[in-house]
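Colleague: Here is a sequence together with a model predicted from it:
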Amino acid sequence: MIKILLLFFFAMTATAGAMDLSLKDAIGIALENNRDIQIEKENVVVSEGEIGTQKGAFDPILNISSFYNDGETPTVNTFIPDGTVNQQEFGISGNVEGRFSTGTFYDVFNVSSTRTDTDSPLDDLSPSWFNNVTFSVGQELLRNFGVDVNNAFVITARRSNRISMKEFENVVTNTLLEVERRYWLLVAARQNLELERNALELALDLQKRNEIQVEVGVLPPVAVTQAKSEVAARELDVIRAENTLQATEDNLKNVLAMDLSQIINATDEPTTEVFQFNEMESLDEAYQQRPEIEQAKLNIENRKTLKKYYSNQRLPTLSVEGSVQLQGLGGDENPDRLSFGGEPEPIPSRFLGSSEAFNQIFGADFTTWQILGVFSFPIFNRTARGEYVKANAEFDRSVITLKKTQDDVALDVKSAIREIENSLRAIDAARVSVELAAEVVENEQERLNVGIGTTREVLEAQRDLIDAGVREITAIANYNIALAELERAKGTLLEKDGVIIQE
């Protein structure tokens, strides 16, 4: 059985009832607990079992049977006045049959032995033993001739197992991508919450200042009302940010298959380091590494094998079979056997004694040779022709599927690189926006302090600063997600995360 080993090294720490979770920790937990990975792992085991199932077509079959009869048979015969024959029979038979992948079929050691005890005067031996041993071997000459044809389903099962392994790799890759996406969204949600709390502190501070200035007559009372209204609005923003953080945290715990009541702290900081990627090199790498492309290629080989198999099934059946049969008969003289005027004719000594039935077999005293030829062909043969048409169409479809997969891979790579570039530009723009918005806040606060500005202008400047901060946090999170998406698009995400899948 193929064993799948996920080789990954990680460590987790917990403090004050909350789990400090790095991205590496999260990946390790996902590899261990994620339901999709566990399901796909079992699918691989199923595909392994299918290989054994197809190989089983060539397993020898041992058949054993026995019987016992005890009864009376009515008969009308001059020599049986009472019209009844009492007879007891016991028999046992067995054989080993099967076929080879060459199209050779066999039935060897087809053995039967029957003991008969009768009071019929027509039988000279009672009890008697009759033994029969037959050996036969045949060969298909047209349909099902050759190793490739007979091994078609074993070969396709092996490739299907490799396809399952690639699908397992694909599921693991997509799971790790989802872990990274949700991890960085959690980091962004936590930073957004901190930003909203800071904004609330600014609004509270402005409210206190306005209250003092209203008391000394510098500002009109409406300035306090405006500040209180902003405080209420930002309290609502904090609540929304807390809800978003909780939802994002639950989403991550869901993909990690963790208890939703467990509190986690994402400890890693997103990177803003600029990486350069060559599109052509990334595409070449993706064509070599993406499991979907390997799956499509293996599927083409499977369809090609099945096309060849069903093409063979359109041929007529022509087989030749040779057999040799050995027989033996022996037993005791029937005391009730007929005699006509004196002593009955003596029974040849070669048949007297039950052991003679076995000695004749070993001595090959009674041997029969046979050669048999069989030809068979359905007149319309629509089943075989229909299966071949389907197999040919499925082969053509698999070729088209490979081309479509390659197109999708190319689109994934180009989209990921484009998203990285867009995220970098968004980060730069957001940083400039934050710097300018901070200057505006400072200027508006000074204008308010000297009495030439208004509370509304300060509050609007603060909102602009908060929005710019959110855009920067979002852009950085998107950049880190885009980096992971490119690795997935190239088929190198597992390597980047240190995950090895071994057969």
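Modeller: Now that the structure is in, tell me what you want to look at. Everything quoted here is computed from the prediction, not taken from an experiment.

Colleague: Mind telling me what element the closest residue to residue 489 other than its chain neighbours is part of?
Modeller: In space, and not counting its chain neighbours, residue 489 is closest to residue 412: 3.9 Å by Cβ to Cβ, 6 or more residues apart in numbering. C-beta: built from backbone N, CA, C; applies to glycine. Taking DSSP states H and E as the definition, one finds residue 412 inside helix 382-449.

Colleague: and the next element down the chain from that helix?
Modeller: helix 455-490.

Colleague: and the angle for that next one with helix 382-449?
Modeller: Helix 455-490 and helix 382-449 are oriented at 150 degrees to each other (axes from the mean of the first three to the mean of the last three Cα atoms, to 10 degrees).

Colleague: Pull the residues that contact stretch 307-316.
Modeller: Stretch 307-316 has contacts (Cβ atoms under 8 Å, 6 or more residues apart in numbering) with 142-146, 148-149, 152-153, 375-377, 381, 384-385, 387-388, 390-392, 394-395.

Colleague: avg pLDDT for the helix holding residue 412?
Modeller: For helix 382-449, mean pLDDT is 93.

Colleague: filter the contacts of stretch 307-316 to the buried ones?
Modeller: 142-145, 149, 152-153, 384, 387-388, 391, 394-395 (16 or more other Cβ atoms under 10 Å).

Colleague: residues of whichever strand or helix holds residue 28 that come out buried?
Modeller: Element membership of residue 28, judged by DSSP H and E, is helix 23-33. Buried residues in helix 23-33, defined by neighbour count with 16+ other Cβ under 10 Å: 23-31.

Colleague: Let's have those residues in a markdown table, adding distance to residue 180 and pLDDT.
Modeller: Shown next, in a markdown table, are the buried residues of helix 23-33 (distance: Cβ to Cβ, whole Å; pLDDT from 0 to 100):
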| residue | distance to residue 180 | pLDDT |
| --- | --- | --- |
| 23 | 7 | 94 |
| 24 | 11 | 93 |
| 25 | 13 | 93 |
| 26 | 8 | 94 |
| 27 | 8 | 94 |
| 28 | 13 | 93 |
| 29 | 13 | 93 |
| 30 | 10 | 94 |
| 31 | 13 | 93 |
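
Colleague: quick check: domain ranges of this structure?
Modeller: Per automatic domain parsing, the structural domains of the chain span 5-33+166-305+388-502, 61-99+104-143+318-376.

Colleague: so which of these is the most packed in?
Modeller: The highest mean neighbour count among those, using mean count of other Cβ atoms under 10 Å, belongs to domain 5-33+166-305+388-502: a mean of 17.

Colleague: Output the below-cut-off pLDDT ranges for the protein.
Modeller: Along the chain, segments meeting pLDDT under 70 span 1-17, 340-342, 503.

Colleague: Run through the strands of it in chain order.
Modeller: With DSSP state E as the criterion, the chain has strands at 5-7, 13-15, 18-21, 61-74, 84-99, 104-118, 125-140, 263-266, 317-333, 366-376, 500-502.

Colleague: Dump those to JSON lines, plus distance to residue 440.
Modeller: Shown next, in JSON lines, are those (distance: least, Cβ to Cβ, whole Å):
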{"stretch": "strand 5-7", "distance to residue 440": "52"}
{"stretch": "strand 13-15", "distance to residue 440": "40"}
{"stretch": "strand 18-21", "distance to residue 440": "37"}
{"stretch": "strand 61-74", "distance to residue 440": "88"}
{"stretch": "strand 84-99", "distance to residue 440": "86"}
{"stretch": "strand 104-118", "distance to residue 440": "89"}
{"stretch": "strand 125-140", "distance to residue 440": "88"}
{"stretch": "strand 263-266", "distance to residue 440": "32"}
{"stretch": "strand 317-333", "distance to residue 440": "89"}
{"stretch": "strand 366-376", "distance to residue 440": "92"}
{"stretch": "strand 500-502", "distance to residue 440": "52"}
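
Colleague: what's across from the closest residue in space to residue 106 that isn't next to it in sequence in the sheet?
Modeller: Spatial nearest neighbour of residue 106, excluding adjacent residues (Cβ to Cβ, 6+ apart): residue 137 at 4.8 Å. Beta-bridge pairing of residue 137 under DSSP bridges involves residue 106, residue 322.

Colleague: Isn't residue 137 up against residue 324?
Modeller: No - using Cβ atoms under 8 Å, residue 137 makes no contact with residue 324, being 9.6 Å away.
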